[in-house]
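Student: Please work out how this folds:
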Amino acid sequence: MATTIAAPRAAPAAPANALPVILYVLGKLDIGGAEMRSLQVFGAIRERHPDLAIVVYVTSPEPGALNPRFLAAGVRIIQGGGGLRDVLPFWRVCRREKATLVHANVGSTSAYFALAAFLARVPVRICHYRSTSEGRTRLYPRFKVWVGVTLIRVFATRIVGVCDGARALARAPDRKWLTLYTGVAAGEAEGRPGRRAGPHLIVLGRIAPEKNYLRPVAILETLVRRRQAGEATLSFVGTGAPGDLERLERRARASPASAAIRLEGASHEPLRHLGDADLLLLTSNWEGLPGAVLEALAVGTPVVASDLPGTREIAALTEGLTLVALAASDEVWAEAVLAALAGARRASIRRAFEASPFHFGAYVDRMAALWALPGSAAARG
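Tutor: Have a look, this model is predicted:
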C-alpha cells in the first residue's frame with residue numbers, strides 16, 4: 001500500500017545541520033512540467049537554505065530554453081549525453097562534486113544514474129517517476145524499461161512517484177516507495193476570463209504523441225456543430241517536435257472550425273493563459289500528475305481530462321475536474337465540456353485547491369523532508 005504524502009525516513013546520518021550536496025538529473029531544460037516544477041522548488045528551497053549546493057545534470061548535450069532561468073536561480077548545470085553512456089561521466093561528476101544526494105528524474109533511465117551514484121558511494125539515491133507509463137510498445141524498448149526498473153529497485157535508496165498510480169510502473173517495494181504529490185505555485189493569480197461570444201478552451205503542454213493533441217480539434221468541431229457553446233474557441237499553448245507541430249497545423253487548417261483554433265507556441269506564463277480561459281482540455285493517452293491540471297485548478301479554471309490514474313487522484317482531492325474515458329466518443333467529451341462550463345464556480349475551485357495536498361507550500365515542505373534538509377520533518381527525525 002502506497003505511503004501517500006508520508007514524510008520519508010531520514011537520510012543516512014550526516015553532521016547536525018549539514019547541508020547535502022545535491023546532484024539533480026533532468027532531461028533537456030525545455031519548458032515542461034518536470035523542469036518548471038523543479039525550477040520553482042529550487043527557488044523556494046534555496047530561499048530557506050541559501051548555501052545549499054544544487055548541480056543539475058542534464059541528459060542532453062544541447063542547452064534548453066530554461067537554461068538561463070536555472071542559472072539565474074543559482075543552480076549550476078552540467079550537460080551530459082543520456083542513458084548508459086552517461087554512467088562513467090556521471091560517476092566522475094559525483095566524485096568531483098562530492099555529492100551526498102542524487103535525485104534522478106528521467107524515468108527508467110534514472111537507473112543508470114543510480115548505478116553510477118552507487119559506484120561513487122553517494123549515500124542517498126532517489127529515483128523519481130513522473131508518469132504512470134513510458135509508452136513503449138515495441139519489444140526492445142520495453143526490455144530497456146524492464147532493465148531500468150529492475151536496476152532502480154536495486155540501486156535506489158528511495159523511489160518516489162508523483163501519484164500512487166506511478167507505483168505500477170516502478171514496481172517499488174513498500175520500504176522504498178513514497179508518493180509525493182507535486183505542488184504548483186499559483187501565488188495570488190486568479191482566473192478572469194474576458195467577455196466572449198462563446199467559451200474559450202485551452203490545451204496547455206507539449207505537443208507530443210502521448211498528449212493526444214489532435215483529439216481536442218475533433219471535440220471543438222463537435223461543439224461547433226451542435227451550436228450549444230456559442231462561438232467556442234480553442235488555443236494550443238506549447239511546443240513540440242517539428243513533425244508533431246506540422247501535423248497539428250495541418251489538422252487545424254483543414255478543420256471546419258479552423259478560424260476558431262489558435263496555435264500560440266510556448267509560454268513562460270501558463271497561469272495567465274489558464275486564467276484567461278474558460279476551461280482546460282486534457283486528452284492525454286497517459287500522464288503522471290499533470291501540472292497543467294493543477295495549475296488550472298489553482299486559478300479556478302475548470303478542467304475536462306482523460307480518466308487516468310493521476311487525474312483520478314487529483315479529482316478525489318479537489319473539485320472542478322471532470323474525467324472522461326479516452327475511448328468515449330467526441331459527443332461524450334463535448335457533453336462533459338458543456339456540463340463543466342455550466343457548473344463551474346471558479347472561487348470554489350480555487351479554495352478547494354488551496355486546501356489540497358497540491359498546494360506549493362506543502363510540496364516544498366515534502367521535498368525538504370525528502371532531502372533531509374535542516375529544519376525539515378525528516379531532519380528532525
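Student: nearest spatial neighbour of residue 344, skipping sequence neighbours?
Tutor: residue 302 (4.2 Å; CB to CB, 6 or more residues apart in numbering). C-beta here means a position set from N, CA and C on the backbone, and glycine is covered the same way.
Student: before we move on, what about residue 352?
Tutor: Going by CB to CB, 6+ apart, residue 352 has residue 319 as its nearest residue, at 4.4 Å.
Student: what about the one you found, is that helix, strand or coil?
Tutor: Following DSSP: H, G, I helix; E, B strand; the rest coil, residue 319 is assigned to coil.
Student: Hmm, it is touching residue 347, no?
Tutor: No - assessed by CB atoms under 8 Å, residue 319 is found out of contact with residue 347, at 11.2 Å.
Student: Distance of the residue nearest to residue 352 relative to residue 215?
Tutor: 24 Å (CB to CB, to the nearest Å).
Student: Looking at those two, which is more packed in?
Tutor: Counted by other CB atoms under 10 Å, residue 319 and residue 215 do not tie: residue 215 has more neighbours, with 19 against 16.
Student: Provide the backbone phi and psi angles at the more buried one.
Tutor: The phi and psi torsions at residue 215 (degrees, to the nearest 10) take the values phi -60, psi -40.
Student: List the residues that contact it.
Tutor: 283, 330, 333 (CB atoms under 8 Å, 6 or more residues apart in numbering).
Student: Inside strands: which ones of these?
Tutor: Counting by DSSP state E, none of the members of the contacts of residue 215 fall within strands.
Student: Most neighbours among the residues you listed, which one?
Tutor: residue 333 (25 neighbours).
Student: What residues does that residue make contact with?
Tutor: 215, 219, 222, 283, 304, 324.
Student: ok, the fifth one to residue 336 distance?
Tutor: Computed with CB to CB, the distance linking residue 304 and residue 336 is 5 Å.
Student: shared neighbours, those two?
Tutor: Taking CB under 8 Å, 6+ apart as the criterion, residue 304 and residue 336 both touch 322, 324.
Student: out of those two, which sits in the more crowded spot?
Tutor: Shown here are residue 304 and residue 336; by other CB under 10 Å, residue 304 has more neighbours (25 against 19).
Student: measure the more buried one to residue 292 for me?
Tutor: Going from residue 304 to residue 292 by CB to CB gives 12 Å.
Student: Repeat that for residue 345.
Tutor: Residue 345 is 20 Å from residue 292, by CB to CB.
Student: which one of those two has more residues nearby?
Tutor: residue 292 (27 against 13).
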